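*Asks:* coordinates only, no sequence provided:
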């Protein structure tokens, strides 16, 4: 679902100049932030926070992808998607903790690798299944209903997921085995960068890259793009719409599951209501980047990560969520198409 | 809420005069007053007879009914926004909070110290509660103002985006209240609010639930009358037109932005009134009273009760509240006492949101118009879902959609 | 009769209207006037830009260039100087704020009075913001005098006296026929929030009168007695007529009909043509028609304008247009040698 060519009437002659301008603005912002960070925190802290921001951003990006893909294809904001992330976190902690009986760091590298692969595979498969099931039974019947109906259903599903988890695991935090040792660090000057962070960022990048390849190069990816662009035309061309939508949910949920695994490795805890806030922030990321645009979702995820970590680093932790939601409102009001999306102006 | 259900096809000439008179009395304000009076009396009586008296003391019942009434008010207001105008507002609790805090600033020592006007001090706690009555209006206005502020830039967004923005707003407001300790006393909230007072009667008491109960009944009645009047007016028609087809509504001359804004503002003002009332009853306000759970609960009440139908929504709200706060508790105690194997271990209160979720999903799949639907909504929701409309069969013109690019 | 009509003053004047979509020019510098009380038609092969032009006239989309005046007032044009509008609604509040600041500095303004002034600034800000959102007509006229222009939206056009129907019928399907017409009367009715809440006598009278008028309109288009049918349940031909009734409800001076004869059988088409004639002859309306049914177009139009690929290629009476070689070429391809 990479962006369709813009149909705005900004003449094509103006486009390169506009793009250069945007790039310069972006560069200026980045330089500005870096300068503020370094002067306020000192270079090492700044680097550590940078890594921190990228890590958080990676998690949000993975969740945001699911939102943006589903919205792009059926124009539904899947409220329950944030909770898929949460369920994924719990699935992975069950796998590691209950099924495999692990408790702490695993230092044997080959074993660690095997365990990581297994956890990702297990969690992502289960979440994929859950996602497809929810789509089949809760959303598919409402595809032709007025928009309010599936939105409300999605909220209902969200609550069901949260409460099922709460019933099984209780309302308090549950521990998630941090099998990736967080003592492994790389020293850069005075800053220590956890290898775990690098791992998380790499996983996210690899997954996102694979997704872009999949969407851009494979037959199924083409099917997804065409369904998102014009469902009826795609159906006329022989695309199996139901299957395409199901696959979209499959992939989105799997990615959310991966985010859950990664979150568990990083923070070591999970709670039944993690999904709500994380979901809202990830949705902000998707909107910021341009809803329907997977590259935008990734970009947005990282930006939100930066905003959040930045707010915390500057001492505004408690305001963090408010700032992120404020960003959401501002983006939707002034530029609903987001950074990379096409103009979606809705005119009555 | 058709204006013309009384006009029969043979209404021509003389018959029309009769029919029009019938439409004039469509504003069944008196029906509502009588209806609410009956309901109010009935509930009061029920609170004093078994089996109700076995579950909890009568005063607790009356008090519970009053609390349910707050949610009825909220549901009526949200129904205007969601059910009539078709705008999905997921952060309705924010306006509830704004109304409550507005009252707190006027009617508490802490609040007075912030705004610099010593109302509580000068009026004294016995007569001070007189401010409650004008504050109902003030709270409504303040909430409406915020509704307009939120709505003005966002109402041109399509439905799903609007939902998210309202959700964001609903999250931001409690966070702001929570973190601005200097001005709002943060987590502890603002306490010591004045209870309402009537001249000659003094202030409502903490022990006697009746004054609050009657006040609630009056408020609900007034709100319901106003809601019906709105829906049966030119404004109400405009809302329904927008809900059905916004583009066609604009093409018929309706200023969709203003009309939607009005829906938002009126919905917000209702929440404001509920907020003032609730604050005066709980005598404290704190951010945790206004979480997403509250917004969601009210939404569930509107959806389950029957979007668009005010009586249905009121009944739905009342039922859900009572089920939550009484039935589930009673089930817990019952199964504890009876000691049935699995049922005993289930905490029904925890289950409540699971049940909400299931109920919502089931409703949307099976009966999206709610339990007591507005007949037009029922037509709307079932046609769209069961069969394609005539225009889809004719090959809808998508040109217009793509060209809505301004 | 026709000849005289075309000499009337134009009620709508479109000048050099252009609309581009990226690289595609859908409408190219079209000049178009509609004389009062005339019936003019806009025809052209598919993709000629008729609907786009229509949508520009109706305020659904902005033109890339050019302007449309209706009844002597500029309604549609490329927006200009909108940025200044933000200044305008900020200004009063800023000015008051500065005065307040001055008062504080001079020591004459403090405490409660300051709070009140602060509140006043806030209210002023909110008020002007609301104005810019609601855009009442007097506000738009003031702005126009200042050179700040924002193109009319569909509901503004309706308010100015333009009514329309849709190519593929956009009735409020789940409302009854009479309710549809009542909605159409929205711009002309005066009851507002306050009168609704208070259920004033004035509003009740207005509603009763509105009902009467709605019944009349239904009778006018031939739907007498069908007021209580859900619009969805009406047969196709009746739905088209209902749409016309709804458009008439706002008392328009100009009626834009988008393919009103589409999907009709010959008898229905005849009735429709009769209705359109009646609208012009009895009610004095001016009518602009987009239509593919040539019998209708040739039969009823005082003047026909032909578009092809965004350009106006011909304009004249039905006989003139019928014989115009450019028109024939546009529809049938280049003439055989």
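*Replies:* Received the coordinates, thanks. Quick caveat: nothing in here was measured; it's all calculated off a predicted structure. Numbering: from 1, shown residues only, chains lettered A, B, ... in the order given.

*Asks:* what strand or helix carries the residue most central in space within chain C?
*Replies:* The geometric centre of chain C, computed from its C-alpha atoms, lies nearest to residue C:157 (CA atoms, centre = their mean), at 3.6 Å. Taking DSSP states H and E as the criterion, residue C:157 maps to helix C:154-160.

*Asks:* packing partners for the helix or strand following that helix?
*Replies:* The helix or strand immediately downstream of helix C:154-160 is strand C:162-164, counting by DSSP H and E. Judged by 3 or more CB pairs under 8 Å, 6 or more residues apart in numbering or on different chains; DSSP states H and E, the packing partners of strand C:162-164 are helix C:236-248, strand C:254-258. From N, CA and C alone the C-beta is placed, and that goes for glycine too.

*Asks:* just the residues contacting the last one, thanks.
*Replies:* Outside of strand C:254-258, the residues within contact range by CB atoms under 8 Å, 6 or more residues apart in numbering or on different chains are C:11-12, C:34, C:51, C:54, C:57-58, C:70, C:161-167, C:244, C:247-248, C:276, C:279, C:285-291.

*Asks:* try 6 Å this time
*Replies:* Identification of contacts with strand C:254-258 by CB atoms under 6 Å, 6 or more residues apart in numbering or on different chains yields C:11, C:162-167, C:285-290.

*Asks:* for chain C, just list every one of the strands.
*Replies:* With DSSP state E as the criterion, chain C has strands at C:10-21, C:24-35, C:39-43, C:65-70, C:73-77, C:162-164, C:254-258, C:286-290, C:303-308, C:311-316.

*Asks:* do the stretch 101-250 of chain A as well
*Replies:* A:174-175, A:185-188, A:191-194 (DSSP state E, counting those that start in this stretch).

*Asks:* list the strands paired with the last one, with their directions.
*Replies:* Listed by DSSP bridges, the sheet partners of strand A:191-194 and their directions read strand A:185-188 (antiparallel).

*Asks:* about what we covered before: tell me the most buried of the strands of chain C?
*Replies:* Across these, averaging neighbours per residue (mean count of other CB atoms under 10 Å in any protein chain shown) puts strand C:162-164 on top, at a mean of 28.

*Asks:* I'd like the distance from it to the chain centre, please.
*Replies:* Mean C-alpha position of strand C:162-164 versus that of the full chain (CA atoms, centre = their mean, to the nearest Å) differs by 5 Å.

*Asks:* quick one: residues in contact with it.
*Replies:* So strand C:162-164 is contacted by B:251, C:58, C:247, C:250, C:252, C:254, C:255, C:256 (CB under 6 Å, 6+ apart).

*Asks:* please report how far the last one lies from residue C:292.
*Replies:* Spelled out, that is residue C:256. Separation of residue C:256 from residue C:292 (CB to CB, to the nearest Å): 16 Å.

*Asks:* picking that back up, do the helix holding residue C:157 and chain B meet at all?
*Replies:* Yes: using CB under 6 Å from any CB of the partner chain, helix C:154-160 reaches chain B at C:154, C:155, C:158, C:159.

*Asks:* tell me, how many neighbours does the last one end up with?
*Replies:* By the measure other CB atoms under 10 Å in any protein chain shown, the count of residues near residue C:159 is 20.
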